[in-house]
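> Need a 3D model of the sequence below.
(chains A and B)
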Amino acid sequence: MIKHRYLPMTDQDQSEMLSTIGAESIEALFADIPSSVRYPGTLSMSKRLSEPELLKHMQILAGKNADFEQNTSFLGAGLYDHHIPVVINHVISRSEFYTAYTPYQPEISQGELQAIFEFQSYICELTGMKVANASMYDGSTALAEAAALASGFTKRKKIIISRTVHPEAKEIVRTSAHGLGLEVVEVGFSDGVTDLQELASAIADDTAAVLIQSPNFFGCIENLKEIEPLVHARKTLLVVSSNPLSLGVLESPGVLGADIVVGDAQPLGIPASLGGPTCGFFAVSEPLMRRIPGRIVGQTVDRDGKRGFVLTLQAREQHIRREKATSNICSNQALLALCASVYMSTLGKMGMQEVAKLNVQKSHYTVNHATAIGLNKMKLEFSSPFFNEFVLQLPQGTDIKEINNMLLEAGFIGGYDLGVEYPELQGRMLIAVTERRTKEEIDQFIGTLEAMI
Amino acid sequence: MKTEKALIFELSKPGRVAYSLPECDVPETDLSELIPSDLLRTKPAELPEVYEVDVIRHYTELSRRNFGVDNGFYPLGSCTMKYNPKINEDVARYSGFAKIHPYQPEHSIQGALELLYTLQKDLSALTGMDQVTLQPAAGAHGEWTGLMLIRAYHESRGEQRIKVIVPDSSHGTNPASATVAGFDTITIQSNERGLVDLDALRSVVGSDTAALMLTNPSTLGLFEEQIVEIAEIVHEAGGLLYYDGANSNAIMGITRPGDMGFDVVHLNLHKTMSTPHGGGGPGAGPVGVKSKLIPFLPKPIVSKHLDGTYYWDYDRPESIGRVKAFYGNFAILVRAYTYIRTYGPDGLRQVSELAVLNANYMMHRLAPYYEVAYPGICKHEFVLSGKKLKQYGVRTLDVAKRLLDFGYHPPTVYFPLNVEEAIMIEPTETESKETLDGFIDTMIQIAKEAETNPELVINAPYTTVVNRLDETTAARKPVLNCTCG
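From the prediction side, this is the model:
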């Protein structure tokens, strides 16, 4: 037997235990596995490394990646380089949080349960909705779940999704819709936001939901005030996917009449980590409360009348309902929801406004600077209002992939190449500017970019 | 300790801040000139105003009201609450892993792609599958992905197969995932030994069978000895075999789902591969498939060029599409890969051997006091029934609550559904004999208390920050947040 730092059983322990069991060997405990399916040799897998060897190996792998510490990032497209307050890592490193399972035993899980209750409260405050759940895998799967909820609630099978929704979220909605037998219809955009005329003519009496993202994939803020009456005229549900950080300054979708608000909490203190794990949030209006997917924490009292928290409304969930459940999700992104909660606790009422404003100011400065020094080489593609991300039109024939490779050599992670997903937007770069970018970095980036085109 | 813990909102005092943001160093423009005022918030979100010490003390106190694997023994059946190695946590935080973007040029994330590629290979080898997708975010997400693959496979052959078969001992997610993937579920009863009843299986398979979903070892901790025959029955009917990998901790290096005849497998990296449960997530649920299902895998997977560089492989015209934004829970995958490298293949086999030894030892020592649902040898977990204690008015739930007073997390209770008053125990391999003995002695003591002083057990727990909570009122009159009511 190999000695290993996570394995406590000594040879003596093992022989004592085997004798209690009445088995001759550990091998005897596997007698129920037919020999025809036993694996005879050693699996062909990565080899064992000692702790120092493994640390070195992982440092080498990590070192092959260009990170946002060594490079200055202007890349967003659904995943942002925001400042992560130092306290967050200290809180989520408390192993009472990260080594716990789902809080099914409430008496010894009050910490997690209260943290989720506070997360739900934060999400309701930001989104202006009545009920939020304990979180979903990510913003994109939350959007797909919203479509499923809307279909179940309205008993309709058609989902309308704007082309300004994140392309990956659209793909996930399509994959999921195929499973559920739903039809997905896309509507186009005009000046960077959902085309209202096209939307109005697409909505019919069989439309379960309209899925809108705001700020949308291009960074533009959708005009929900005008969209809402179009959607509700047909008793269709309005689903809004929102960037929670933008809600520091933007009107909440709840106030604007959304029935379901989803989004990804990544901007709230969650590292990019190549795209995951992040944390989806999911909030609904009151009539949809008992159809919300996933876990929900509720407040109650113990036998002495003391306030406490429990997982509740479990009659919706798969472990009770099995094939009749409203969703198959049986986890939440608790540790990332905790990141988001600590972020909102840290930023607070004033900080959430301030950070959102910094994003608006810096991104708008970047556009002004680019269009001023770029003469006609760099233009703002859309005139619709935007939050912290915008589309820059580069001279015709510009190969954005090539530009990004060159930018990287100069220490910049450039913007997203929109031509990949939108053929009509070849030569357009989606640029994100967060509060982390300084004027000096912005000026250098735009100067470097200008010199390349 | 205060008896009631304040909510963070209740700590708020206007004028306090816990953040530090840079001054605006670009020329400022009035916000309403940049964004039309009807798109701006009229009323700020009512978030608390606290300072940094409040934040730290608040969450530290919450953490002290929580119980994790680092606090003590956590024998939660079917959840594999093994030790979560600290090196995994350190490594996942390296900025070369934590601060990278999936849309960066491929040549600037070669280390990440190499890791993903190697993990795909390692998990393929471990499960006996031909290719693995790392996209699914959790076990249930993996189940749904696997079922969508099965659906695409049948559709590609022009077959309409709408039924998924599950045993009555299966996880609730199995039928729920089948529904979300557009299938109908048929539940079959287990035989008297707790195993799949071959006749019951034969009577339901047919030309409409899409798949049988099986956990092996089952949720009863029993290995399906007739797995080869089961596979034959399903395959002969034209169906596929889906392996729910929740219980893979019992079989690493000993037997592989691919060799048992399974066509699709998901693994729960947050169980078998030691990544922390995080209080409910994040996890990761990679899915492995046999070669005939590879064309349908979600796109992209990570592939390797002839020159040794790695790339996102999007050239998959028959793909079911995407199931998760970006490329799965990368930071969890980093931890799982790190874990695999701490053991290597021989070490992983030893993990399974010791997990099974621990479970059998506990089962034998507890058998005189709690009825073993299905005697014999078990794999990594076993199921007891608390029904003997009912004569004293004590139920399994009471035993679970009494364990809290001794500093243990209770086992899984009332699951699987086909065992009365079920108590499902999974010790894992990272617990010492002393820990197991301590828990066993406590379980024996509670069985005696139930007989001699049942009230003591029924009114437990006594030592926790709250005692039993009113779950009925919580569901009938839900209070789900402290702001909007």
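> What score does residue A:317 have for pLDDT?
Note for residue A:317: predicted pLDDT of 69.
> no, scratch that, I was asking about residue B:38
93.
> Excluding residues flanking it in the chain, which one is nearest it?
residue A:225 (6.5 Å; CB to CB, 6 or more residues apart in numbering or on different chains). Yep, even glycine has a C-beta here, placed from its N, CA and C like the rest.
> For that neighbour, grab phi and psi.
The phi/psi pair for residue A:225 (degrees, to the nearest 10) reads phi -60, psi -40.
> what number of residues lie near it?
Neighbours of residue A:225 under the rule other CB atoms under 10 Å in any protein chain shown: 13.
> just the one 4 residues further on next, same as before
Residue A:229 sits with 11 neighbouring residues when counted by other CB under 10 Å.
> what helix or strand is it on?
Element membership of residue A:229 [criterion: DSSP states H and E] is helix A:224-232.
> Which secondary structure elements does that helix sit against?
Counting contacts by 3 or more CB pairs under 8 Å, 6 or more residues apart in numbering or on different chains; DSSP states H and E, helix A:224-232 packs against helix A:196-202, strand A:207-214, strand A:237-242.
> which stretch of helix or strand covers residue B:369?
Using DSSP H and E, residue B:369 falls outside every helix and strand.
> Tell me where the model's unsure across the stretch 351-485 of chain B.
B:484-485 (pLDDT under 70).
> Do you have the helices of it handy? List them.
B:396-404, B:433-452, B:454-458, B:471-476 (DSSP state H, counting those that start in this stretch).
> for the stretch 1-150 of chain B, same thing?
Using DSSP H, counting those that start in this stretch, helices in the stretch 1-150 of chain B cover B:31-34, B:52-64, B:86-92, B:95-98, B:110-127, B:139-156.
> now check the fourth one, is it near chain A?
Yes: residues of helix B:95-98 are located near chain A by CB under 8 Å from any CB of the partner chain, namely B:95-98.
> so residue B:120 touches residue B:134, yeah?
Yes: here residue B:120 reaches residue B:134: they are 6.4 Å apart, a contact under CB atoms under 8 Å.
> if I look at these two, which residues touch both of them?
Residues touching both residue B:120 and residue B:134 by CB atoms under 8 Å, 6 or more residues apart in numbering or on different chains: B:286, B:301-302.
> Let me see the contact set for residue B:163.
Applying CB under 8 Å, 6+ apart, the residues near residue B:163 are B:183-186, B:204, B:206, B:208-210.
> now, which of these sits nearest residue B:390?
Nearest to residue B:390 among the contacts of residue B:163, counting by CB to CB, is residue B:185 at 31.3 Å.
> The strand or helix carrying that closest one pairs with which strands?
If you go by DSSP H and E, residue B:185 is part of strand B:184-188. Sheet pairing of strand B:184-188 (DSSP bridges) gives strand B:163-167 (parallel).
> what's the following helix or strand after the partner strand?
Taking DSSP H and E, what comes next after strand B:163-167 is helix B:173-180.
> Residue B:138 against residue B:283, yeah?
Yes: using CB under 8 Å, residue B:138 is in contact with residue B:283, at 4.5 Å.
> just to revisit the earlier point, quick check, nearest of the residues of helix B:95-98 next to chain A to residue A:310?
Nearest member of these to residue A:310, counting by CB to CB, is residue B:98, at 33.5 Å.
> where's the closest residue to that closest one other than its chain neighbours, which helix or strand?
Excluding the flanking residues, the one nearest residue B:98 by CB to CB, 6+ apart is residue A:271, at 4.2 Å. Assigned by DSSP H and E, residue A:271 falls within no helix or strand.
> wait, what's in contact with residue A:271?
Counted by CB under 8 Å, 6+ apart, residue A:271 has contacts A:84, B:98-99, B:331.
> Tell me how many other residues surround residue A:73.
So residue A:73, with other CB under 10 Å, has 28 neighbours.
> what's the domain layout of chain B?
As given by the TED database, the domain ranges for chain B are B:8-65, B:87-342, B:350-472.
> would CSV of the contacts of residue B:163 with neighbour count and pLDDT be doable?
CSV is the format used below for the contacts of residue B:163 (neighbours: other CB atoms under 10 Å in any protein chain shown; pLDDT from 0 to 100):
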residue, neighbour count, pLDDT
B:183, 25, 96
B:184, 13, 95
B:185, 19, 95
B:186, 19, 95
B:204, 16, 97
B:206, 12, 97
B:208, 17, 97
B:209, 22, 98
B:210, 27, 98
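> Phi, psi for the nearest residue to residue B:314 once chain neighbours are set aside please.
Leaving out its chain neighbours, the residue that sits closest to residue B:314 by CB to CB, 6+ apart is residue B:300, at 4.7 Å. In terms of degrees, to the nearest 10, the main-chain angles of residue B:300 are phi -90, psi 170.
> and residue B:300, how far is that from chain A?
Going from residue B:300 to chain A by CB to the nearest CB, to the nearest Å gives 11 Å.
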